[in-house]
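**Q** fold the following.
(2 chains)
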Amino acid sequence: MDSNKKYWKGLEELQQTPAFIESNKGEFAEPIPVEDVLNEAGLSTRTPRRDFLKALGFGLGAVTLAACNRTPVHKAVPYVIKPEEVTPGIPNYYASSFNGQSVLVRTREGRPISLAANPNSIGLNQGTDATTAAVVLDLYDMSKLQNPQLDGQDVDWSTLDKTVIDALNKAAGTGKQIAIVSNTVNSPSSLAAIAAFKTKYPTATHIQVDAVSYSGILEANRASFGKAVIPSYHLANANVVVSVAADFLGSWLAGEEHTQDYIQNRDYKSLKNGKMSRHIQFESGLSMTGSNADVRIAIKPSEEGAVLISLYNAITGQSLAGGVANKKAQTAIVLAAKELTNNRGNAVVVAGANDVNIQLLANAINSALGAYGAIIDLDNYSKQYEGSDAAFQQFLSAATAGQVGAALFLNSNPVYDYFKAEDVSNALAKIDFTLSFADRADETASILKAVAPTSSFLESWGDASAKEGYYTIVQPTINPVFNTRQAEQSLLVWAGDNTNIYDFVRKIWEENILAGTGKSWNDVLQTGFIYKGSSVGSSYTANVDVNAIANAIGATSKAIVGDFELKLYESTVLRDGRYANNAFLQELPDPVSKVTWDNYAALNPRDAENLGLGEHGKVSVEANGYTVELPVVLQPGQAQGTVSIAVGYGRTKVGKAGNNVGQNAFPFARLVNGTVQFEAKATVTKASGTYELAQTQTHHTIEGRNIIRETTFAKYLKDPNSESGRFADSHKTYDLWNKFESPGHKWVMAIDLNACTGCGSCIVACSVENNVPVVGRDEVRRRREMHWLRIDRYYTLEQEDGTKLTEEKEIAKATDYDYENVTVVHQPMLCQHCDHAPCETVCPVLATVHSSEGLNHMAYNRCFGTRYCANNCPYKVRRFNWFNYWNDARFDNYLNNEFTQLVLNPDVTARSRGVMEKCSMCIQRIQGGKLQAKMENRKLKDGDVKMACQEACSANAIIFGDVNDPESEVSKALRNERVYYVLEEINVQPNIGYMTKVRNTFEA
Amino acid sequence: MSSHNESILREPLITGKDITYAKVTDDILLPVENKPNKAWWIGFIIAALGAMLWVVSVGYTFWTGIGAWGLNKTVGWAWDITDFVWWVGIGHAGTLISAVLLLFRQNWRNSINRSAEAMTIFAVICAATYVVAHMGRPWLAYWIFPLPNQFGSLWVNFNSPLVWDAFAISTYFTVSLVFWYCGLLPDIATVRDRATGLKRKIYKVLSFGWNGSVKTWQRFEIVSLILAGISTPLVLSVHTIVSMDFATSVIPGWHTTIFPPYFVAGAIFSGFAMVQTLLLILRKVMNFENYITMFHIESMNKIIMVTGSIVGIAYLTELFIAWYSGSEYEMYAFANRIAGPYAWAYWAMMTCNVISPQLFWFKKIRTSIPISWVLSIVVNIGMWFERFVIIVTSLHRDYLPSSWAMFYPTWVDVGIFIGSIGLFFTLFLLFLRFLPSIAIAEVKLLLKSASLQQKTKLAQEGAFPDEQVKYFENSLEKYDSVSEEDIKALDVRK
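**A** Below is the predicted model of the structure:
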């Protein structure tokens, strides 16, 4: 059929009226005044209402579309040629070492972001100290020098080399001494480089001096055993440890290694076997070690020697003159001596003083106790502190006499840390050419002729030998960021040896260290260390003239007796001040006083009262002709009549973060019998004005609450449940809420209060892992520190009659109390990932929710910051970003530049202002572990995933894992009788179990 | 209502001679139809400066972050939520007066409901600013509402009292605003009818075409009644829900079942006190003594006394329950309020809220204008401290002593608070200038039944027994707006 049908739209079309034909010509039925609008008269044309609406609609649409502009995207430039070993998003680990500890450096896309202990190493293979955890930030420190300098001007390396070589030749030509002044160098390759330098310049000498010196031990051991070494202490073999003023878990020698050993006799596994060591501490200030002691006796610095004399008398039955007169100490010594002699061969006495005589007496006691061998190891001795105070003295006098032609300072800053800085400056002025290898223009470097900035250990090849027979490799994980050159390379260049440092280190290893071990260079790069020492030390006997020593001790002690006795100490946080520009460390609270960003004068509260001082008071401390004004900390446990001040503060040329933090206490030290000693007679007077210290904890007692549960070892042996007061066992609980099911994993933690020493390296490790911002002193004062993990420290004051005071009110009433007897407990506190989390119900926008793996998640993007969750958290572990801490000019001591921001862990978001944050149980690590297992087509194993805090804990106090796996370590730990949950009575069902603190006290 | 003669035993609600409908209109519209006087300007400039301070403080907070305030890791709310609850509480009187008293046929409300409602609205606005300002990321404040969104199936948390709060406050604000505005319609029409030019045009739009027909009036009455019915539960719900912000938590001192009634009583208490503060000045400055009489003042003082006593009992009950609970945290929280570092705030609260309203048992004090005014301010100071005590002293020392901390306000905290008072008064003074501050139409309803003039007339006609007239005379003695002559006039027929 033909399709010639015609459709018409209207009669006009059918009839083809002229009007229709006319109107059908245009595209639109009605004329549109486009032309009119577009011509010059456009603005005056009358716009029909419809056109107006169309234009409005179009305009609105167009503007809307234009406004739909996306947020500017900062593109990450991908690799043009991807390095084979780098996969974006996957970290690479390199074996290296820091301060002699074998570590693994984690790098992401070529930048190091964190350090952890090498778990396969011998010795300290779990946990790091706070410095090690924090040191990665120093790599990205903007305060460092970016070029070599001559007379304070940037120069290039060839100019510097030429100047240096000329100066060295001149010095060598005139026969003057060339001194390399360093702290302890135990690196074989560094020593070889120095040796090469010495070969070229025969007048060169190498002087080692440590800011905090252990010369006393070296000299004592030289006298006792003919071996000027610092022994290794194997505290795992000690059932009784008596420490006289040695902070051996903290800053004394190898604190972390001691902790790892010491805890083996005190943690839940040891207790399970019915074994716990006893630790008795005699000291003036309350140190971290003292806070962990079972029995602690406050003594004055002048009594340290006397305590050892009494102890010696009690152990050997001799009667040396000059025993201690302090009644409390006498009682304790009798008991301690009994313990020590009962455990002969398994008991040790350590002394902290840098005094040859005191150390000799300690040697005599240890010899009598048979501690040499199993506990004190003189064969596999420590090489961490070989500095000699006497050698530095000689250098100073030689320099002052004009006999030194050139001096090179390597890791040495005597203008800051030598007790007579003026002597150093005067001596330096007499030296023709001076140079420092410091990475920044520090107090010494800035007054020297030249600075040859050395690279960070993360940018260098090298090695270390912290112990005899133990060698660790240092390998670079990034190219030098600034125009720096590692000191060893510089020394080689100046010695005329153009060997590349890599070849140099490798040659030394292959020729000297690896020879005979059957291992190759590549093996070492993978494993990170070589151990060639023996497994046990051999027995030694000290030959000491105790009578002469007792007399000498009496004389030196008398010299420091006064109204106040000053004790300088190295804080576990900032140590000798070398890392003072590390904001993570500055913000890490002192384990005992919880003070950040300052040092202070610690006084017994009674003494403070007598001086008319309250909180925020200031004192003026005068000793050895040096006076300083410091804020006061009313420190329970501080011996009356003593004042303790930490060294390592008061740097003036270290960088933005560390400059002028606290006061320098090094000038208080004195030279006695050839060693630098940290005790002095002092005058303490009240100073005018007030100063508020930035403390992270300001209330110090548990107010009788059962958040801390503790028992004694004797009670524990009778009943392992003792005092753990397990709520769930005795009460039926009723739930308002549905039970959260965790069908797959359920991540939980167990924290052993007996293992935690309170050192705080977990806090730093957590901050580094999770990009937790540093907020600075003012913000800490406002109680706004951001730490996801904190360590709560509570004091219990014990009265003469044995009653224990845990409430502030009672303490205020006990006016006759001397504040010396104090017991301390450290409790790590972090998000408890409650199953019935109070924070989750109150968040209006579901920014914090529960996961099917038992975790309490925090969705930063969803949070708009009502802070209700933080208010409703019974543990107060949630942290709010009050400001844009990582990008606000007022917090310019830390991350405020693109370069330092490279330290951020790319797996964790940097939180913006106005957002709540808290412990995520290192969710990125859990996810990473699960992905790894999935790729390897296997189930996730216990131990695959480790929390950052757990990794940093050398005491193994934090155990993390899947409680749904009954065989996991954490499940086993949580089945322990000592486990309790903090605030379990409010039925928030926390997922972190704590184990009751056990004290091995003397039983009456 | 106006068709019958009211007993002479009831005190008059309108005083003054020669009060006619026209005079009522003239009197009330005086500030609206004339240039403002000096007093208004002085008040307005001070208030506007306060509002500027608010803008500066809030602006600074938005620019730098909540860190500008004195809050910390332990005390996450302090002045912000204290001020919020304080303003919401003040906002309670308006609805109570307009709705509940309407339903209970308390005619005396007619003179004060307009400004009380206006106060409510401005107080709720002030409160709402804190809801937004206290957020860490205020630009996302709309997330509090369950809006459809592109974040996937992301919804609000209906378990959270903050969500309930957002609903409660927004509902309350909306209903109060509608109620207030509906009540304003006949009066705006009055202004319109008397105005000329642009002003007339504006009021014409605002009057929604009110024509004064019987049907309009009938609808007006019905709408008022319906809105009163809707608002009445809101009087209870808003502060109940605000109290749940605290009561549903686990914090000792917050986790308390007594909070809903206690908060509602406190809110009415503070609301009436604020109405008192404002009206005592208003009636003097605007010459409204004949409309807001001593009867009103005394009635409000009685309500303040009753609610103050309820609040006092609630405080004591809390203490008893804290002890009776045997919970050490609860006991400590209350011991800490009484004797802790913020004890001064607790005792300020106790003095202002419990002791001071008890003075109103004395008629002399109840009917003294200066003392009433001072006490009304004292009450609001006390109520501010009540919220501060609840929020800050509970938070600053809760479960773990390691986290105990003190809260110290910064200049921004203080600035926002003082600024919000400035904002409130700015709005209120503008209201006085542009809208009738007494409900003209509703007052006129009372003229034929409850005015002194009418009662005098009836008394002169001998409509009441002598002893009743005597009683009435005596009751008038306290009135500052009634002269000796007025009282004598009652006895003219003798």
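
**Q** going forward, measure contacts between C-alpha atoms and count neighbours the same way
**A** OK.

**Q** low-confidence ranges in the chain?
**A** Unless you meant another one, I'm taking chain A. A:1-3, A:29, A:31-47, A:69-72, A:76, A:726-730, A:815, A:1003-1004 (pLDDT under 70).

**Q** chain B was what I was after
**A** In chain B, residues with pLDDT under 70: B:1-4, B:492-494.

**Q** can I see the domain layout of it?
**A** B:1-19+B:451-485, B:30-147+B:167-447 (automatic domain parsing).

**Q** now swap in chain A and tell me
**A** If you go by automatic domain parsing, chain A breaks into A:11-67, A:231-382, A:561-695, A:710-999.

**Q** flag every residue of the stretch 651-800 of chain A that's near chain B.
**A** Within the stretch 651-800 of chain A, the positions lying close to chain B (C-alpha under 8 Å from any C-alpha of the partner chain) are A:697-703, A:705, A:707, A:782-785, A:792-794.

**Q** those residues, buried ones only, as a PyMOL selection?
**A** The PyMOL command for the buried members of those (criterion: 16 or more other C-alpha atoms under 10 Å in any protein chain shown) is given here:
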select buried, chain A and resi 697+698+699+700+701+702+703+705+707+782+783+784+785+792+793+794
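
**Q** restricted to strands, list the residues of the stretch 651-800 of chain A next to chain B.
**A** Counting by DSSP state E, these place A:792-794 in strands.

**Q** residue in the stretch 501-650 of chain A nearest to chain B?
**A** A:Lys594 (10.5 Å; C-alpha to the nearest C-alpha).

**Q** so who does residue 287 touch?
**A** Defaulting to chain A. Listed by C-alpha atoms under 8 Å, 6 or more residues apart in numbering or on different chains, the contact partners of A:Ser287 are A:247, A:592.

**Q** actually it's chain B I care about, not the one you picked
**A** B:Asn287 neighbours (C-alpha under 8 Å, 6+ apart): B:Asp27.

**Q** now stretch B:340-358: buried residues?
**A** For stretch B:340-358, by 16+ other C-alpha under 10 Å, it's B:340, B:342-343, B:345-350, B:352-358.

**Q** where do the helices of the stretch 401-550 of chain A begin and end?
**A** Secondary structure of the stretch 401-550 of chain A (DSSP state H, counting those that start in this stretch): helices at A:414-417, A:421-429, A:487-494, A:501-508, A:521-527, A:546-559.

**Q** can you redo those helices as CSV with distance to chain B?
**A** Shown next, in CSV, are those (distance: least, C-alpha to the nearest C-alpha, whole Å):
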stretch, distance to chain B
helix A:414-417, 35
helix A:421-429, 40
helix A:487-494, 45
helix A:501-508, 49
helix A:521-527, 42
helix A:546-559, 39
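
**Q** centroid residue for the chain?
**A** If you meant another chain, say so; for now it's chain A. A:Ala130 (1.5 Å; C-alpha atoms, centre = their mean).

**Q** now do the contacts for that one.
**A** A:572-573, A:585, A:759-762, A:764-765.

**Q** who are the neighbours in contact with whatever residue of the stretch 351-500 of chain A ends up closest to chain B?
**A** Closest residue of the stretch 351-500 of chain A to chain B, C-alpha to the nearest C-alpha: A:Gly352 (30.9 Å). By C-alpha under 8 Å, 6+ apart, the contact set of A:Gly352 is A:243-247, A:252.

**Q** SS state for B:Thr174?
**A** helix (DSSP: H, G, I helix; E, B strand; the rest coil).

**Q** and the domains of chain B, which is most packed in?
**A** By mean neighbour count, with neighbours taken as mean count of other C-alpha atoms under 10 Å in any protein chain shown, domain B:30-147+B:167-447 ranks first of the domains of chain B at a mean of 20.

**Q** how about the residue in the stretch 1-150 of chain B that chain A sits nearest to: what's its closest non-neighbour residue?
**A** Chain A sits closest to B:Gly136 of the stretch 1-150 of chain B, with a gap of 3.5 Å, by C-alpha to the nearest C-alpha. Leaving aside its chain neighbours, B:Gly136 sits nearest to A:Gly914 (3.5 Å; criterion: C-alpha to C-alpha, 6 or more residues apart in numbering or on different chains).

**Q** the one you found contacts B:Trp139, doesn't it?
**A** No. With contact defined as C-alpha atoms under 8 Å, A:Gly914 does not count as touching B:Trp139 (10.6 Å).

**Q** quick check: whatever residue of the stretch 51-200 of chain A ends up closest to chain B vs A:Ala55, distance?
**A** Using C-alpha to the nearest C-alpha, the closest approach of the stretch 51-200 of chain A to chain B is made by A:Cys68 at 14.3 Å. For A:Cys68, the distance to A:Ala55 (C-alpha to C-alpha, to the nearest Å) stands at 20 Å.

**Q** look at these two and report which has more neighbours.
**A** Set A:Cys68 next to A:Ala55 and count neighbours by other C-alpha atoms under 10 Å in any protein chain shown: A:Ala55 wins out with 12 against 9.
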